[in-house]
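> okay, sequence plus prediction incoming.
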Amino acid sequence: MDFHPHSARILLVGAGPGAADLLTLRAVRALAAADVVVHDGLVGDEVMALIPAHARRISVAKRRARHTLAQDEIGDLLIAEARAGNTVVRLKGGDPFIFGRGGEEVDAALAAGVPVHVVPGISAANGAAASTLMPLTHRDHASMVSFVAGECRGLAEQNWAGLAGKGRTLVIYMGLAGAAPIAEKLMADGLAPDTPVAVIERATQVNERLVTSLLADLAGLVEREAIASPALIIVGDVAALPAARAKLKETTCLVC
């Protein structure tokens, strides 16, 4: 399907994991056409720099227990701006349809009769994995990968059985604040305390950081390293691969 940014009044655009050169060409075209950009707080600075000077910027940043606007109010804002004749880009970190509430905003636009288009982005999980040389699936380590939201409302009642363990990789979004109960839940469900874990902070950006430990130490790791959002938690054998590969690289360089 041919894509014309102005044919849809609302464009939900995936900003990717942070680095501007990981944007799709379609995302760049959408930004160039924007009259208004309604953006999350976790969109990378490099991507924000690509917003045209003429476009109005409206932040709807969300932090734990502190939202600029409620989700239904964001939908109302997008519709109001579109009805005013603007091309509205809703700029979201990662991909709009992976924990981005893109589905809710599409529903709101369609219910209001406003044309909407979704521009996918590289998800935070895919970007973080590639940037740290950590395959989420690997024939020797994991044949299954699951994505979960780590917000802890009702965590005890959630069923995470089978999401983590031998041959599986678990990627946890929004899990920093709940690192302790998340680790406790996984261990209570039978996951070994010495299961490798990794936390990737600001993936793909110049100040990216990767720290690794074991599941039993997850909360301690987050606290010791003062890890801040945006960050992902990865649980499973693949979380140990970057450290092993770094050692291999050092050995190779010494030989050279």
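Received the coordinates, thanks.

> list the buried residues for stretch 154-173?
Residues of stretch 154-173 classed as buried by neighbour count (16 or more other Cβ atoms under 10 Å): Trp160, Leu163, Ala164, Gly165, Arg168, Thr169, Leu170, Val171, Ile172, Tyr173. (Each C-beta comes from the backbone N, C-alpha and C, glycine too.)

> tell me the spatial nearest neighbour of the fourth one, not counting adjacent residues.
Read it as Gly165. Distances taken as Cβ to Cβ, 6 or more residues apart in numbering place Leu191 nearest to Gly165, at 6.1 Å, with adjacent residues excluded.

> thought that neighbour was touching Leu215?
Yes: with contact defined as Cβ atoms under 8 Å, Leu191 counts as touching Leu215 (6.3 Å).

> shared neighbours, these two?
With Cβ atoms under 8 Å, 6 or more residues apart in numbering applied, the overlap between the contact sets of Leu191 and Leu215 consists of Val235.

> now the strands for the stretch 151-256 of the chain?
Secondary structure of the stretch 151-256 of the chain (DSSP state E, counting those that start in this stretch): strands at 167-173, 196-201, 209-214, 231-235.

> mind putting those strands in a markdown table, mean pLDDT included?
Output for the strands of the stretch 151-256 of the chain, formatted as a markdown table (pLDDT from 0 to 100):
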| stretch | mean pLDDT |
| --- | --- |
| strand 167-173 | 96 |
| strand 196-201 | 97 |
| strand 209-214 | 96 |
| strand 231-235 | 96 |
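
> return the distance of Leu191 relative to Ala239.
12 Å (Cβ to Cβ, to the nearest Å).

> those two: who's more crowded?
Neighbour count, other Cβ atoms under 10 Å: between Leu191 and Ala239, Ala239 has more, with 27 against 22.

> is it true that the more buried one touches Leu210?
No: with contact defined as Cβ under 8 Å, Ala239 does not reach Leu210; the gap is 9.6 Å.

> okay, and the common contacts of these two?
Ala198.

> now do the contacts for the closest residue to Val116 other than its chain neighbours.
In this structure, Val116 finds its nearest non-sequential neighbour in Ala109, 3.9 Å apart by Cβ to Cβ, 6+ apart. Counting by Cβ under 8 Å, 6+ apart, Ala109 makes contact with Arg9, Ile10, Gly75, Leu78, Ile79, Ala82, Pro115, Val116.

> and the fourth one, which of the three is it?
Read it as Leu78. Of the three states, Leu78 takes helix under DSSP: H, G, I helix; E, B strand; the rest coil.
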